[in-house]
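Enquirer: when you get a sec, could you give me coordinates for this:
(chains A and B, ligands or ions: 3)
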Amino acid sequence: MGQIKRLLRSVFAALDRAFDRPFGPAWNPFHNLGALGFFYYWIVAVSGIYLYIGFDTGVERVYASIERLTHVQWYLGGVLRSFHRYASDALVVMMLLHLAREFAYDRLRGVRWFSWITGVPVLWLVYASGITGYWLVWDELAQYIAVATTEWLDTLPIFGEPIARNFLARDSLDDRFFTLLIFLHIAVPLILLFVLWLHLQRITKPRINPPRGLAVGTTVMLLALSLAYPAVSHAPADLAKVPGLLHLDWFYLAWYPLFDLLSYKTMWGVAGVLTLGLVAMPWLPPLRRAKAAVVDLDHCNGCGRCAADCPYGAVAMVPRTDGRPFAQQAAVSDSLCVSCGICMAACPTSMPFRRTSELATGIDLPDPSLRDLRERVHEAANALGPGPRVMVFGCDHAVPATAIAADGVAAVGLPCIGALPPSFIDYVLSRRLADGVFLTGCREGTCNNRFGLRWTEARVDGLRDPRLRKRVPRERVARCWADHQEASHLAAEIEAFRRALSALPGPDATPPVAASASHAPVGAP
Amino acid sequence: MRYLGQLAIYAAFAVLIGYFSVAPSYTHAPTDRGEIKLSFSHGGQKRGGCRQLSAEEIAKLPPNMRVARSCPRERLPLLVEMDVDEKPLYQETLKPSGLSSDGAARAYRRFSLPPGPHRIALRLRDSDRSQGFDYEGGFDIVLQPRQNLVVDFRTEAGGFVLR
Ligand code: HEM
Ligand code: SF4
Ligand code: SF4
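Expert: Ligands and ions are numbered 1, 2, ... in the order given. I've put the predicted structure just below:
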C-alpha cells in the first residue's frame, strides 16, 4: 500500500509542477479539486432546476419535452442541458482525482479517517444521481439502463415483485414509477449535499469555492463545449425493441458493460469489495499516530491563536477551569488532532529564549516538544562548519532533513513547517547559531496539514500572529517550497542563499535578547 | 504564454469530457438478433389441501386463534419448460418466494435468437402432480432483429400470453 501511495504521490507531484507553470499555485486545479467538485455540483444544480421546469413528467411525453428543450430552445434549454451533462461528468473526474490525491498524500489514516469514510457514500450518491439522470431522458440509453439496473437490483432478495417487470413491455410502464425516478433524481443529489456537508465537518475553513480565475475558466470551457458539441438524446425508448448502438457516458455508465461481461451477482461482489476496500483504507495499515497536542494551563492565557490556526478544528476555547483571571482556555480533542504542531507555533508563549531547562508553552506536542526542538537546533548548530552557516527548518513530509544537510547547512525536521514558532528564527540569528535561516516545506497548495505553509508565510511576513519580530534581518531569512522529489532544486536554492549571505556584511552586534512574546497585540488574528 | 497554457489545458479537458460522454459506443445485445424475454410471477398451488381439525386440536389453540380448519400456507414450486423450434431451451424449477414459501414464484429470463420464424412451446406445472403439466401454450412467431418479445403468464388469461 505504501508503495502504491509513493508512486501515486510522485505522479501527483509531477502534475502539480506541470500545472503550476500555466496556472500558478493559487489557480492550480490540483490544489482545488474539492472546490471544483463543489463548483460543478452547483452548476449541475442550477441547470437542473431549469431543465426540471421545462420537463414533462409523464413517461409518454418526457422524451418530447427534452427534445423541445434541446432543439427548439437550443440557445438556453439546450445549452443548460449540455451544462448539466458535462458538469456532471467533470464532477466525476474531480471526485476521482480528489480521492486519488488524498490517498496519495495519505490524508486518510489516523484521525483523518472521517473525511475519507464520509467520502465513500459520496461516490455511491454521485453515481446514483448520474444514473437516475440518464434514466429520465427515456431514450434507448435510458431503456438499457432501466432494464440493466432493475435486473441488477432484482438479484438482491429484498424486492417483492421484480422491479424489472416495470420495464417489460410498452404496457407495463406506468407514470408512478417514473414519478419515483424523478423524485430520486432530486432527492439523491440533495442527500449528496448533506453528506458533503458532513464530509467537511472536521476541516476548518474548507476550500469549497474555487478561485475566481478557475471558476471563470471552467464556466467558459463548459459554455464552449456545450455550444460546439451539444448533448443530445438517443432514439426514443421502445420496450418492444432491444436497445441498439449505445453512446455510453463512460464517466457514469462504465459499470454497465461489466454487467454484461460478468454477471449481476459478480457485480454485487465487485461493488461490495470496492466499497469495503475503500472503507478499510484508513486502517491499511493503521497509522502509528503521534501523540495529540497537550495544553499546559500554567502557560495558557486563553488568547485563542491555537484554535484559530488549527487546520482540523481540534482546539476549542472553553471556559477557564483553573481560576486564573482569563475568560478562556484551550482544550484539544485527541480524536481530531493530527499532531501537526501548528498550534504550538501559534502560541505566544512558545519562546526558545527562556533560560529555564523546563522550556514550556501553552500548547505543545509531546513528541517532538518545544524543548526537543530547541535541543535539536543547538545540536545542529554545533555541527555546522565554517560560514556562511545556514540553518534549515523543513517539513518531514517534503524533502527529509537528512537529505538537506550539507557543508555549512544544518537541517531540523518538523512535523510541519507550520510547527516552527517564528521566534526560533529570531533565536537562531540573534544567538548567532547560524548566519541565515532557510525555511522549506511542501510545495504551495500541497501542505500535508493544509495551512502549514500559509500560516508560516503570514507569520514571517508579519501578517499574522505570532509575527516574526521586525528586528530580524530579513535578508538572512529565505524560503523555498519543494516537494519530496525536488531535493536538487532545493539544494541549489540553499546554495544560492549561502552565496547571498557571504556577500552580506558580517552580522551586526545585536546583543542576544531574552525577548518576550512578539510585540503585536495579543488576540485573534 | 501562461494563458495559452491554461487554454490548452481547458481545451484538453473539454475534449476529454466531450469524447467520453458519448464514446466509444457500445452494443449490449447483437443488433442482428432478437430477444425473447420470459417473465412472469405466479403462485403455485398450496402444498396439501385444508384439513378439518379435531376438537382437541382446536382446544389447544389460543382462544383468539381458534379455527375449524387448518390450511397450509406453503406453496409448491413451479416447473417451467420452454422449447424453441422443437428444441428444449429452458427448464427450471422455480421456488416460491417469501420467508414461509407462501409467495408467488418468479421467472425472468432473456433468450437471444436469430430473426425469422420460430415456434415456441411453453409448459408449466404448478400442482403436485408428478407427470405432465397444468398449463401448456405455443406460439408461432416471426422475430425481427432487435425485437423484444415478452412471454408472460396469466392464470386469468388461461396461461401463457405474448405481450
Ligand atoms: C464530489 C465529491 C467530493 C467533494 C466535492 C469533496 C470536497 C472536499 C473538500 C472541499 C475538502 C476540503 C479540502 C480542503 O479545504 O483542504 C475535502 C477533503 C477531503 N476529502 Fe473530499 N470531496 C468529495 C469526495 C471525496 C471522496 C469520494 C473521498 C474519498 C473516499 C474524499 C476524501 C477526502 C479526504 C480524505 C479529505 C480530507 C483532506 C485532509 O485531511 O486534509 N472526498 N473534500
Ligand atoms: S497539533 Fe495540529 S491538529 Fe493538533 S491541535 Fe495542534 S494544530 Fe490542531
Ligand atoms: S495559543 Fe497558547 S496561550 Fe493562546 S489559547 Fe492557545 S494555548 Fe493558550
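Enquirer: going forward, measure contacts between C-alpha atoms and count neighbours the same way
Expert: OK.
Enquirer: how would you label B:Val150: helix, strand or coil?
Expert: Assigned with DSSP: H, G, I helix; E, B strand; the rest coil, B:Val150 falls in the strand class.
Enquirer: that one: neighbouring residues, count only.
Expert: The tally of other residues near B:Val150 (other CA atoms under 10 Å in any protein chain shown) stands at 20.
Enquirer: likewise for A:Gly277?
Expert: Neighbours around A:Gly277, by other CA under 10 Å: 12.
Enquirer: now A:Tyr127
Expert: 20.
Enquirer: list the contacts of it.
Expert: Shown in contact with A:Tyr127 (CA atoms under 8 Å, 6 or more residues apart in numbering or on different chains): A:Tyr252.
Enquirer: close to ligand 2, is the helix or strand it falls within?
Expert: Here A:Tyr127, judged by DSSP states H and E, is contained in helix A:113-136. No. Residues of helix A:113-136 contacting ligand 2 under CA under 6 Å from any ligand atom: none, with a closest distance of 13.6 Å.
Enquirer: excluding chain neighbours, what is closest to residue 140?
Expert: In the absence of a named chain, chain A is used. Of all residues beyond its chain neighbours, the one nearest A:Glu140 is A:Ala237 (4.4 Å), with distances taken as CA to CA, 6 or more residues apart in numbering or on different chains.
Enquirer: that was the other one, I meant chain B.
Expert: Among residues not flanking B:Asp140 along the chain, B:Arg119 sits closest, at 4.6 Å (CA to CA, 6+ apart).
Enquirer: hmm, B:Gly138 and the one you found touching each other?
Expert: Yes. B:Arg119 is within contact range of B:Gly138, at 7.2 Å (criterion: CA atoms under 8 Å).
Enquirer: what sits in contact with each of these two?
Expert: Shared contacts of B:Arg119 and B:Gly138 (CA under 8 Å, 6+ apart): none.
Enquirer: what about B:Asn29, neighbour count?
Expert: Let me fix one detail, which is that residue B:29 is Ala and not Asn. Neighbourhood size, B:Ala29 [other CA under 10 Å]: 16.
Enquirer: three-state assignment of it?
Expert: Following three-state DSSP, the label given to B:Ala29 is coil.
Enquirer: A:Phe38 reaches A:Ala215, doesn't it?
Expert: No. Taking contacts as CA under 8 Å, A:Phe38 lies outside contact range of A:Ala215: 10.8 Å.
Enquirer: where does the prediction get shaky in chain B?
Expert: Low-confidence segments of chain B, defined by pLDDT under 70: B:49.
Enquirer: go with 80
Expert: Scanning chain B for pLDDT under 80 picks out B:1, B:44, B:46-53, B:57, B:61, B:63-73, B:98-102.
Enquirer: and the strands in it?
Expert: Using DSSP state E, the strands assigned to chain B run over residues B:26-27, B:34-42, B:51-52, B:69-70, B:78-84, B:87-94, B:105-113, B:116-125, B:135-143, B:148-154, B:159-162.
Enquirer: ok, back up a step: who's more crowded, A:Phe38 and A:Ala215?
Expert: Applying other CA under 10 Å to A:Phe38 and A:Ala215 shows that A:Phe38 carries more neighbours, namely 21 against 17.
Enquirer: so is the strand or helix carrying that one next to chain B?
Expert: Under the criterion of DSSP H and E, A:Phe38 resides in helix A:33-53. No. For helix A:33-53, no contact with chain B is found by CA under 8 Å from any CA of the partner chain; the gap never falls below 13.1 Å.
Enquirer: downstream of that helix, the next helix or strand is which one?
Expert: helix A:62-67.
Enquirer: near ligand 2, which residues of the stretch 51-200 of chain A?
Expert: Going by CA under 6 Å from any ligand atom, none of the residues of the stretch 51-200 of chain A are near ligand 2.
Enquirer: and the helices in the stretch 51-200 of chain A, which stretches?
Expert: Using DSSP state H, counting those that start in this stretch, the helices of the stretch 51-200 of chain A run over residues A:62-67, A:79-104, A:113-136, A:140-154, A:175-199.
Enquirer: most packed of these?
Expert: Among the helices of the stretch 51-200 of chain A, helix A:79-104 has the highest mean neighbour count (mean count of other CA atoms under 10 Å in any protein chain shown), at a mean of 22.
Enquirer: that helix near ligand 1 at all?
Expert: Yes. Using CA under 6 Å from any ligand atom, helix A:79-104 reaches ligand 1 at A:95, A:99, A:102.
Enquirer: before we move on, what about stretch A:307-314?
Expert: No. Stretch A:307-314 stays clear of ligand 1 (CA under 6 Å from any ligand atom), getting no nearer than 7.7 Å.
Enquirer: end-to-end on that stretch?
Expert: Start-to-end span of stretch A:307-314 (CA to CA, to the nearest Å) is 7 Å.
Enquirer: which residues does that stretch contact?
Expert: Outside stretch A:307-314, the residues that touch it by CA under 8 Å, 6+ apart are A:202-205, A:315-317, A:330, A:332-338, A:342-343, A:346, A:449-451, A:455, A:524-525.
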